[in-house]
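Q: structure for the following, please:
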Amino acid sequence: MTLRIPNVLVVGGGAVGMLAARRLEKRLHRGEARVTVADLDSYMTYQPFLAEAAAGSVEPRHVVVFLRRVLPRCQILSGRISRVELASRTARFHPHEGPERVLEYDYLVFAPGSVSRTLPIPGLAEWGIGFKTLEEAIHLRNHVLAQLDLADSTTDERVRRRALTFVFVGGGYAGVEALAELEDMAADACRYFAHVSPSDMQWILVEASGKILPEIGVEMGKWTASQLRTRGIEVRTGTRLESAVDRHIMLSDGDAFDADTLVWTAGVKPNPLTAASDLPLDEHGRVKVDAGLLVDGTRFAFAAGDCAAVPDLTRPGRTTPPNAQHATRQAVRLADNLIATLRGEPRRPYRHRSAGSVASLGMYQGVANVYGHRMRGFPAWFLHRTYHLSKIPTMNKKARILMDWTLSLLFAREIVSLGAMQDPRQEFELAARTAHRPVPARSPAASGARE
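A: Presented below is the predicted three-dimensional model:
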(Lines give C-alpha, C1' and ligand atoms only; values in the text may rest on other atoms or scores of the structure.)
Protein backbone atom coordinates (compact mmCIF):
# COMPACT_ATOMS: atom_id res chain seq x y z
CA MET A 1 0.00 0.00 0.00
CA THR A 2 1.41 3.39 -1.04
CA LEU A 3 1.38 6.07 1.65
CA ARG A 4 -0.04 9.43 0.66
CA ILE A 5 2.53 12.22 0.63
CA PRO A 6 1.32 15.31 2.57
CA ASN A 7 1.00 18.59 0.66
CA VAL A 8 2.51 21.73 2.18
CA LEU A 9 1.24 24.99 0.67
CA VAL A 10 3.38 28.08 1.19
CA VAL A 11 1.37 31.24 0.52
CA GLY A 12 3.82 34.03 -0.26
CA GLY A 13 7.29 33.98 -1.77
CA GLY A 14 8.73 36.83 0.27
CA ALA A 15 11.37 36.57 2.97
CA VAL A 16 9.34 34.29 5.26
CA GLY A 17 7.83 32.11 2.53
CA MET A 18 11.04 31.65 0.55
CA LEU A 19 13.26 31.01 3.58
CA ALA A 20 10.74 28.63 5.14
CA ALA A 21 10.42 26.67 1.88
CA ARG A 22 14.20 26.55 1.54
CA ARG A 23 14.51 25.21 5.07
CA LEU A 24 11.84 22.59 4.35
CA GLU A 25 13.72 21.49 1.23
CA LYS A 26 16.90 21.14 3.24
CA ARG A 27 15.48 19.20 6.21
CA LEU A 28 12.63 17.11 4.81
CA HIS A 29 13.44 13.55 3.81
CA ARG A 30 12.68 12.55 0.24
CA GLY A 31 9.01 11.64 -0.05
CA GLU A 32 8.19 13.04 3.39
CA ALA A 33 6.18 15.99 2.01
CA ARG A 34 5.46 17.87 -1.20
CA VAL A 35 5.99 21.66 -1.04
CA THR A 36 4.20 24.20 -3.24
CA VAL A 37 4.99 27.93 -3.17
CA ALA A 38 2.41 30.35 -4.59
CA ASP A 39 3.13 34.05 -5.11
CA LEU A 40 2.26 36.83 -7.51
CA ASP A 41 5.94 37.19 -8.41
CA SER A 42 8.49 34.47 -9.12
CA TYR A 43 11.14 36.12 -6.98
CA MET A 44 11.82 37.28 -3.43
CA THR A 45 12.89 40.89 -2.83
CA TYR A 46 15.35 41.65 -0.05
CA GLN A 47 13.67 44.86 1.05
CA PRO A 48 16.46 46.31 3.26
CA PHE A 49 18.40 46.98 0.03
CA LEU A 50 15.53 48.75 -1.77
CA ALA A 51 16.86 52.22 -0.94
CA GLU A 52 20.32 51.37 -2.29
CA ALA A 53 18.77 49.89 -5.42
CA ALA A 54 16.77 53.09 -5.93
CA ALA A 55 19.91 55.20 -5.49
CA GLY A 56 21.96 53.10 -7.91
CA SER A 57 24.40 51.79 -5.30
CA VAL A 58 23.45 48.22 -6.21
CA GLU A 59 22.00 46.68 -9.35
CA PRO A 60 18.23 46.10 -8.81
CA ARG A 61 18.41 42.52 -10.11
CA HIS A 62 20.95 41.73 -7.39
CA VAL A 63 18.48 42.35 -4.55
CA VAL A 64 15.98 39.75 -5.79
CA VAL A 65 16.22 35.97 -5.54
CA PHE A 66 14.65 33.81 -8.27
CA LEU A 67 12.43 31.27 -6.51
CA ARG A 68 12.80 28.53 -9.12
CA ARG A 69 16.58 28.63 -8.76
CA VAL A 70 16.77 28.44 -4.97
CA LEU A 71 13.81 26.06 -4.56
CA PRO A 72 14.46 23.41 -7.22
CA ARG A 73 12.42 20.69 -5.46
CA CYS A 74 9.38 22.88 -4.77
CA GLN A 75 6.52 23.50 -7.16
CA ILE A 76 6.40 27.24 -7.89
CA LEU A 77 3.06 28.76 -8.93
CA SER A 78 3.03 32.35 -10.23
CA GLY A 79 -0.29 34.05 -9.72
CA ARG A 80 -2.64 35.41 -7.08
CA ILE A 81 -4.11 33.58 -4.12
CA SER A 82 -7.54 35.17 -3.53
CA ARG A 83 -8.66 33.17 -0.50
CA VAL A 84 -7.31 30.60 1.93
CA GLU A 85 -9.78 28.37 3.76
CA LEU A 86 -8.83 26.50 6.90
CA ALA A 87 -12.15 24.66 7.13
CA SER A 88 -11.74 22.89 3.78
CA ARG A 89 -7.93 23.10 3.64
CA THR A 90 -8.06 24.69 0.20
CA ALA A 91 -6.85 27.89 -1.46
CA ARG A 92 -8.17 29.66 -4.53
CA PHE A 93 -5.37 30.36 -6.99
CA HIS A 94 -5.57 32.58 -10.08
CA PRO A 95 -2.68 32.25 -12.56
CA HIS A 96 -1.79 35.33 -14.57
CA GLU A 97 -3.92 33.89 -17.37
CA GLY A 98 -6.37 31.03 -17.51
CA PRO A 99 -9.00 29.60 -15.18
CA GLU A 100 -8.96 29.64 -11.39
CA ARG A 101 -7.52 26.60 -9.62
CA VAL A 102 -8.33 25.15 -6.23
CA LEU A 103 -5.21 24.06 -4.35
CA GLU A 104 -5.60 21.42 -1.67
CA TYR A 105 -3.17 21.24 1.23
CA ASP A 106 -2.50 19.25 4.38
CA TYR A 107 -0.23 21.86 5.97
CA LEU A 108 -0.24 25.60 5.43
CA VAL A 109 2.49 28.23 5.68
CA PHE A 110 0.71 31.59 5.53
CA ALA A 111 3.17 34.40 4.79
CA PRO A 112 1.76 36.86 2.21
CA GLY A 113 3.51 39.77 3.94
CA SER A 114 2.19 43.31 4.03
CA VAL A 115 1.18 46.22 1.81
CA SER A 116 1.40 49.98 2.26
CA ARG A 117 -1.01 51.36 4.84
CA THR A 118 -2.69 54.34 3.21
CA LEU A 119 -5.20 56.89 4.45
CA PRO A 120 -8.17 58.48 2.62
CA ILE A 121 -6.24 61.64 1.79
CA PRO A 122 -7.52 63.48 -1.32
CA GLY A 123 -5.12 63.01 -4.24
CA LEU A 124 -2.89 60.42 -2.53
CA ALA A 125 -4.12 57.45 -4.57
CA GLU A 126 -3.80 59.42 -7.83
CA TRP A 127 -0.34 60.96 -7.35
CA GLY A 128 1.44 59.10 -4.56
CA ILE A 129 3.88 56.22 -4.90
CA GLY A 130 4.83 53.63 -2.29
CA PHE A 131 8.24 52.24 -1.48
CA LYS A 132 7.50 48.59 -0.79
CA THR A 133 8.50 46.79 -3.99
CA LEU A 134 11.45 46.71 -6.35
CA GLU A 135 9.26 48.04 -9.15
CA GLU A 136 8.42 51.09 -7.03
CA ALA A 137 12.10 51.63 -6.21
CA ILE A 138 13.13 51.51 -9.89
CA HIS A 139 10.26 53.79 -10.89
CA LEU A 140 11.21 56.30 -8.19
CA ARG A 141 14.85 56.37 -9.32
CA ASN A 142 13.84 56.98 -12.93
CA HIS A 143 11.31 59.58 -11.83
CA VAL A 144 13.73 61.58 -9.68
CA LEU A 145 16.36 61.68 -12.44
CA ALA A 146 13.68 62.61 -14.98
CA GLN A 147 12.72 65.55 -12.77
CA LEU A 148 16.31 66.80 -12.92
CA ASP A 149 16.18 66.47 -16.72
CA LEU A 150 12.95 68.45 -16.78
CA ALA A 151 14.26 71.19 -14.48
CA ASP A 152 17.40 71.58 -16.57
CA SER A 153 15.43 71.83 -19.82
CA THR A 154 12.42 74.02 -19.02
CA THR A 155 12.26 77.83 -18.96
CA ASP A 156 9.05 77.83 -16.89
CA GLU A 157 10.02 78.63 -13.30
CA ARG A 158 6.80 77.17 -11.90
CA VAL A 159 7.38 73.86 -13.66
CA ARG A 160 11.01 73.86 -12.55
CA ARG A 161 10.17 74.52 -8.90
CA ARG A 162 7.51 71.78 -8.89
CA ALA A 163 9.90 69.30 -10.52
CA LEU A 164 12.59 69.91 -7.91
CA THR A 165 10.28 69.47 -4.88
CA PHE A 166 10.32 65.98 -3.37
CA VAL A 167 7.96 65.04 -0.51
CA PHE A 168 8.30 61.87 1.58
CA VAL A 169 5.57 61.04 4.10
CA GLY A 170 6.59 58.74 6.94
CA GLY A 171 9.61 59.00 9.23
CA GLY A 172 10.26 55.30 9.78
CA TYR A 173 13.07 53.26 8.27
CA ALA A 174 11.60 53.08 4.77
CA GLY A 175 10.95 56.80 4.49
CA VAL A 176 14.21 58.01 6.02
CA GLU A 177 16.42 55.58 4.08
CA ALA A 178 14.63 56.18 0.76
CA LEU A 179 14.80 59.96 1.12
CA ALA A 180 18.43 60.01 2.30
CA GLU A 181 19.69 57.69 -0.43
CA LEU A 182 17.79 59.43 -3.24
CA GLU A 183 18.79 62.91 -2.05
CA ASP A 184 22.41 61.75 -1.99
CA MET A 185 22.05 60.38 -5.52
CA ALA A 186 20.34 63.53 -6.82
CA ALA A 187 22.94 65.82 -5.26
CA ASP A 188 25.66 63.73 -6.90
CA ALA A 189 23.83 63.88 -10.24
CA CYS A 190 23.63 67.69 -10.22
CA ARG A 191 27.18 67.97 -11.55
CA TYR A 192 25.90 66.72 -14.90
CA PHE A 193 23.14 69.35 -15.13
CA ALA A 194 24.28 72.85 -16.06
CA HIS A 195 21.27 74.63 -14.55
CA VAL A 196 20.51 72.51 -11.47
CA SER A 197 22.41 72.60 -8.20
CA PRO A 198 21.71 70.78 -4.90
CA SER A 199 20.50 74.04 -3.35
CA ASP A 200 17.78 74.28 -6.02
CA MET A 201 16.13 71.09 -4.78
CA GLN A 202 13.65 70.95 -1.91
CA TRP A 203 13.47 67.66 -0.01
CA ILE A 204 10.78 67.41 2.66
CA LEU A 205 10.19 64.63 5.20
CA VAL A 206 6.73 64.74 6.79
CA GLU A 207 6.10 62.75 9.98
CA ALA A 208 2.86 62.86 11.98
CA SER A 209 4.47 61.96 15.32
CA GLY A 210 7.00 64.06 17.17
CA LYS A 211 10.09 62.06 16.15
CA ILE A 212 11.64 60.04 13.34
CA LEU A 213 13.17 56.56 13.52
CA PRO A 214 11.49 55.70 16.85
CA GLU A 215 12.96 52.16 16.71
CA ILE A 216 16.46 53.51 17.08
CA GLY A 217 15.86 55.62 20.18
CA VAL A 218 14.99 59.25 20.86
CA GLU A 219 18.58 60.50 21.01
CA MET A 220 19.66 58.88 17.76
CA GLY A 221 16.42 59.95 16.09
CA LYS A 222 17.19 63.56 17.00
CA TRP A 223 20.74 63.19 15.68
CA THR A 224 19.40 61.77 12.41
CA ALA A 225 16.98 64.69 12.01
CA SER A 226 19.83 67.11 12.67
CA GLN A 227 22.06 65.31 10.17
CA LEU A 228 19.37 65.47 7.48
CA ARG A 229 18.79 69.17 8.12
CA THR A 230 22.49 69.94 7.63
CA ARG A 231 22.06 68.49 4.12
CA GLY A 232 19.24 70.94 3.42
CA ILE A 233 16.44 68.39 3.99
CA GLU A 234 13.37 69.75 5.78
CA VAL A 235 12.27 67.43 8.60
CA ARG A 236 8.74 68.33 9.68
CA THR A 237 7.62 66.32 12.70
CA GLY A 238 4.15 66.66 14.18
CA THR A 239 2.88 67.35 10.66
CA ARG A 240 0.37 65.50 8.51
CA LEU A 241 -0.39 65.43 4.79
CA GLU A 242 -3.89 66.89 4.34
CA SER A 243 -4.28 66.86 0.56
CA ALA A 244 -2.39 66.15 -2.67
CA VAL A 245 -5.05 66.96 -5.28
CA ASP A 246 -3.50 67.78 -8.67
CA ARG A 247 -0.04 67.51 -7.09
CA HIS A 248 -0.79 70.48 -4.82
CA ILE A 249 0.52 69.49 -1.39
CA MET A 250 -1.29 70.80 1.68
CA LEU A 251 0.18 70.11 5.12
CA SER A 252 -1.39 70.37 8.55
CA ASP A 253 1.05 73.13 9.54
CA GLY A 254 -0.61 75.40 6.97
CA ASP A 255 2.06 75.19 4.30
CA ALA A 256 1.00 74.51 0.70
CA PHE A 257 3.03 74.07 -2.48
CA ASP A 258 3.21 72.06 -5.70
CA ALA A 259 5.35 68.92 -6.00
CA ASP A 260 5.69 66.33 -8.75
CA THR A 261 7.05 63.74 -6.31
CA LEU A 262 5.04 62.33 -3.39
CA VAL A 263 6.36 59.17 -1.74
CA TRP A 264 4.19 57.45 0.87
CA THR A 265 6.01 55.33 3.46
CA ALA A 266 3.74 55.85 6.48
CA GLY A 267 3.55 52.27 7.69
CA VAL A 268 2.32 48.92 6.47
CA LYS A 269 -0.70 46.70 7.05
CA PRO A 270 -1.30 42.96 6.55
CA ASN A 271 -1.85 41.79 2.99
CA PRO A 272 -5.58 42.04 2.05
CA LEU A 273 -5.57 38.24 1.59
CA THR A 274 -5.44 37.98 5.38
CA ALA A 275 -8.89 39.55 5.77
CA ALA A 276 -10.27 37.67 2.73
CA SER A 277 -9.60 34.28 4.36
CA ASP A 278 -11.07 32.50 7.38
CA LEU A 279 -8.00 32.76 9.58
CA PRO A 280 -8.43 34.10 13.14
CA LEU A 281 -7.37 37.76 13.31
CA ASP A 282 -6.46 40.20 16.08
CA GLU A 283 -7.66 43.80 16.37
CA HIS A 284 -4.97 44.93 13.89
CA GLY A 285 -5.98 42.43 11.21
CA ARG A 286 -3.01 40.11 11.80
CA VAL A 287 -3.26 36.33 12.06
CA LYS A 288 -3.34 35.06 15.64
CA VAL A 289 -0.56 32.56 16.30
CA ASP A 290 0.97 31.01 19.39
CA ALA A 291 4.63 31.18 20.37
CA GLY A 292 5.34 28.22 18.09
CA LEU A 293 3.88 30.13 15.09
CA LEU A 294 0.89 27.79 14.91
CA VAL A 295 -2.37 29.49 13.89
CA ASP A 296 -4.82 29.58 16.79
CA GLY A 297 -7.30 26.72 16.73
CA THR A 298 -5.38 24.57 14.25
CA ARG A 299 -2.73 21.85 14.25
CA PHE A 300 -1.74 22.23 10.61
CA ALA A 301 -1.49 25.95 9.76
CA PHE A 302 1.46 28.24 10.51
CA ALA A 303 1.96 31.95 9.96
CA ALA A 304 4.80 34.43 10.46
CA GLY A 305 6.15 37.76 9.27
CA ASP A 306 4.32 41.05 8.80
CA CYS A 307 0.87 39.44 8.57
CA ALA A 308 1.12 37.54 11.89
CA ALA A 309 0.76 38.67 15.50
CA VAL A 310 3.71 36.72 16.89
CA PRO A 311 4.03 36.87 20.69
CA ASP A 312 7.31 38.45 21.78
CA LEU A 313 8.49 36.21 24.61
CA THR A 314 11.23 38.69 25.49
CA ARG A 315 8.58 41.40 26.07
CA PRO A 316 5.50 39.73 27.62
CA GLY A 317 2.19 41.06 26.36
CA ARG A 318 3.65 42.49 23.15
CA THR A 319 4.16 41.19 19.61
CA THR A 320 7.29 41.18 17.47
CA PRO A 321 7.75 44.21 15.19
CA PRO A 322 7.43 43.72 11.41
CA ASN A 323 11.06 43.86 10.34
CA ALA A 324 13.58 41.71 8.48
CA GLN A 325 15.41 40.78 11.67
CA HIS A 326 12.38 38.86 12.99
CA ALA A 327 11.08 37.67 9.61
CA THR A 328 14.23 35.74 8.71
CA ARG A 329 14.40 34.04 12.11
CA GLN A 330 10.69 33.27 12.25
CA ALA A 331 10.93 31.55 8.86
CA VAL A 332 13.51 29.08 10.21
CA ARG A 333 11.54 28.39 13.41
CA LEU A 334 8.32 27.97 11.42
CA ALA A 335 9.86 25.40 9.08
CA ASP A 336 11.40 23.45 11.96
CA ASN A 337 8.09 23.42 13.84
CA LEU A 338 6.20 22.26 10.74
CA ILE A 339 8.66 19.40 10.33
CA ALA A 340 8.29 18.56 14.03
CA THR A 341 4.50 18.45 13.56
CA LEU A 342 4.88 16.13 10.57
CA ARG A 343 7.05 13.78 12.63
CA GLY A 344 4.97 13.96 15.81
CA GLU A 345 7.72 15.77 17.70
CA PRO A 346 7.30 18.73 20.08
CA ARG A 347 7.40 22.25 18.66
CA ARG A 348 9.70 24.93 20.05
CA PRO A 349 8.62 28.52 20.72
CA TYR A 350 10.02 31.43 18.76
CA ARG A 351 12.17 33.64 20.96
CA HIS A 352 14.51 36.39 19.84
CA ARG A 353 15.66 39.46 21.68
CA SER A 354 16.07 42.33 19.22
CA ALA A 355 19.72 43.03 18.51
CA GLY A 356 18.93 46.65 17.65
CA SER A 357 18.51 48.64 14.48
CA VAL A 358 20.66 50.05 11.70
CA ALA A 359 19.79 52.54 8.97
CA SER A 360 21.64 53.98 5.98
CA LEU A 361 21.53 57.74 5.35
CA GLY A 362 23.32 57.77 2.03
CA MET A 363 26.92 57.11 1.04
CA TYR A 364 29.18 56.76 4.12
CA GLN A 365 26.45 57.96 6.50
CA GLY A 366 24.34 55.85 8.82
CA VAL A 367 22.88 55.49 12.30
CA ALA A 368 22.70 52.40 14.52
CA ASN A 369 21.68 51.24 17.97
CA VAL A 370 22.96 47.69 18.51
CA TYR A 371 22.64 46.04 21.94
CA GLY A 372 22.48 49.50 23.47
CA HIS A 373 25.62 50.73 21.70
CA ARG A 374 24.94 53.83 19.60
CA MET A 375 26.86 54.49 16.42
CA ARG A 376 26.60 57.10 13.73
CA GLY A 377 28.35 58.21 10.58
CA PHE A 378 30.71 55.86 8.76
CA PRO A 379 30.82 53.04 11.41
CA ALA A 380 27.02 52.77 11.39
CA TRP A 381 26.91 52.85 7.57
CA PHE A 382 29.54 50.10 7.39
CA LEU A 383 27.65 48.01 9.96
CA HIS A 384 24.42 48.42 7.99
CA ARG A 385 26.05 47.10 4.83
CA THR A 386 27.90 44.28 6.59
CA TYR A 387 24.83 43.04 8.45
CA HIS A 388 22.50 43.01 5.47
CA LEU A 389 25.13 41.52 3.18
CA SER A 390 25.35 38.59 5.61
CA LYS A 391 21.56 38.18 5.61
CA ILE A 392 20.68 38.33 1.92
CA PRO A 393 20.14 34.74 0.69
CA THR A 394 22.58 32.85 -1.56
CA MET A 395 26.28 33.35 -2.13
CA ASN A 396 25.46 34.43 -5.69
CA LYS A 397 23.65 37.57 -4.46
CA LYS A 398 26.21 38.30 -1.75
CA ALA A 399 29.02 38.24 -4.32
CA ARG A 400 27.15 40.38 -6.83
CA ILE A 401 26.25 43.05 -4.28
CA LEU A 402 29.80 43.10 -2.93
CA MET A 403 31.00 43.56 -6.51
CA ASP A 404 28.55 46.45 -7.00
CA TRP A 405 29.89 48.18 -3.90
CA THR A 406 33.50 47.63 -4.95
CA LEU A 407 32.92 49.07 -8.42
CA SER A 408 31.13 52.09 -6.92
CA LEU A 409 34.35 52.93 -5.07
CA LEU A 410 36.29 52.97 -8.35
CA PHE A 411 33.83 54.56 -10.76
CA ALA A 412 31.20 57.29 -10.68
CA ARG A 413 27.61 56.35 -9.99
CA GLU A 414 25.43 55.65 -13.04
CA ILE A 415 23.12 58.62 -13.54
CA VAL A 416 20.63 57.77 -16.23
CA SER A 417 16.85 57.86 -16.29
CA LEU A 418 15.24 55.00 -18.16
CA GLY A 419 11.85 56.63 -18.08
CA ALA A 420 10.70 54.84 -21.23
CA MET A 421 10.58 51.64 -19.16
CA GLN A 422 7.34 52.93 -17.60
CA ASP A 423 5.69 52.96 -21.05
CA PRO A 424 7.86 50.85 -23.36
CA ARG A 425 5.36 50.78 -26.24
CA GLN A 426 5.11 54.56 -26.57
CA GLU A 427 7.71 54.86 -29.36
CA PHE A 428 6.31 51.88 -31.28
CA GLU A 429 2.74 53.19 -31.04
CA LEU A 430 3.89 56.59 -32.35
CA ALA A 431 5.66 54.89 -35.27
CA ALA A 432 2.58 52.79 -36.02
CA ARG A 433 0.25 55.81 -35.99
CA THR A 434 2.46 57.78 -38.39
CA ALA A 435 3.51 54.88 -40.66
CA HIS A 436 0.84 55.46 -43.33
CA ARG A 437 0.41 59.19 -42.90
CA PRO A 438 0.91 60.89 -46.33
CA VAL A 439 4.08 62.95 -46.71
CA PRO A 440 3.27 66.64 -47.34
CA ALA A 441 4.04 67.69 -50.94
CA ARG A 442 6.80 70.25 -51.32
CA SER A 443 5.89 73.49 -53.02
CA PRO A 444 7.74 74.36 -56.25
CA ALA A 445 9.00 77.53 -54.63
CA ALA A 446 10.51 75.60 -51.73
CA SER A 447 12.08 73.11 -54.16
CA GLY A 448 13.53 75.90 -56.24
CA ALA A 449 14.92 77.61 -53.18
CA ARG A 450 16.81 74.44 -52.25
CA GLU A 451 18.19 74.17 -55.76
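
Q: rest of the way, CA atoms for contacts and neighbours
A: OK.

Q: for the stretch 151-300 of the chain, which segments count as strands?
A: Along the stretch 151-300 of the chain, counting by DSSP state E, counting those that start in this stretch, strands occupy 165-169, 202-207, 234-237, 241-243, 248-251, 256-258, 261-264, 268-270, 287-288.

Q: looking at these, which one has the lowest mean pLDDT?
A: Ranked by mean pLDDT, these end with strand 268-270 in last place, scoring a mean of 90.

Q: in that strand, what counts as buried?
A: Neighbour-count burial for strand 268-270, with 16 or more other C-alpha atoms under 10 Å as criterion, is recorded at Val268, Lys269, Pro270.

Q: in its sheet, what does it sit against?
A: When sheet partners are counted by DSSP bridges, strand 268-270 sits next to strand 114-116 (antiparallel).

Q: show residues contacting the partner strand.
A: Outside strand 114-116, the residues that touch it by C-alpha atoms under 8 Å, 6 or more residues apart in numbering are Gly130, Lys132, Thr265, Ala266, Gly267, Val268, Lys269, Pro270, Asn271, Pro272, Asp306, Cys307.

Q: out of these, flag the one nearest to Leu389.
A: Distance to Leu389 across the contacts of strand 114-116 (C-alpha to C-alpha) is lowest for Lys132, with 19.4 Å.

Q: am I right that the closest one falls within a strand?
A: No - under DSSP: H, G, I helix; E, B strand; the rest coil, Lys132 falls outside any strand and is assigned coil.

Q: how close does it get to Met403?
A: Using C-alpha to C-alpha, to the nearest Å, Lys132 is found at 25 Å from Met403.

Q: again, but for Thr434
A: Counting by C-alpha to C-alpha, the gap from Thr434 to Met403 is 45 Å.

Q: higher neighbour count, these two?
A: Each of Thr434 and Met403 has its neighbours counted (other C-alpha atoms under 10 Å); Met403 has more, 13 against 10.

Q: that one is in what secondary structure piece?
A: Assigning secondary structure by DSSP states H and E places Met403 in helix 395-410.

Q: now do the buried residues in that helix.
A: By neighbour count on 16+ other C-alpha under 10 Å, the buried set for helix 395-410 is Lys397, Lys398, Arg400, Ile401, Asp404.

Q: spit out the contact partners of Leu67.
A: For Leu67, the residues meeting the contact criterion (C-alpha under 8 Å, 6+ apart) are Gly13, Met18, Ser42, Tyr43, Met44, Ile76.

Q: let me see the confidence value for the first one.
A: With respect to pLDDT, Gly13 has a value of 94.

Q: Val37 is in contact with that one, correct?
A: Yes - here Gly13 reaches Val37: they are 6.6 Å apart, a contact under C-alpha atoms under 8 Å.

Q: between these two, which one's more packed in?
A: Neighbour count, other C-alpha under 10 Å: between Gly13 and Val37, Gly13 has more, with 29 against 23.
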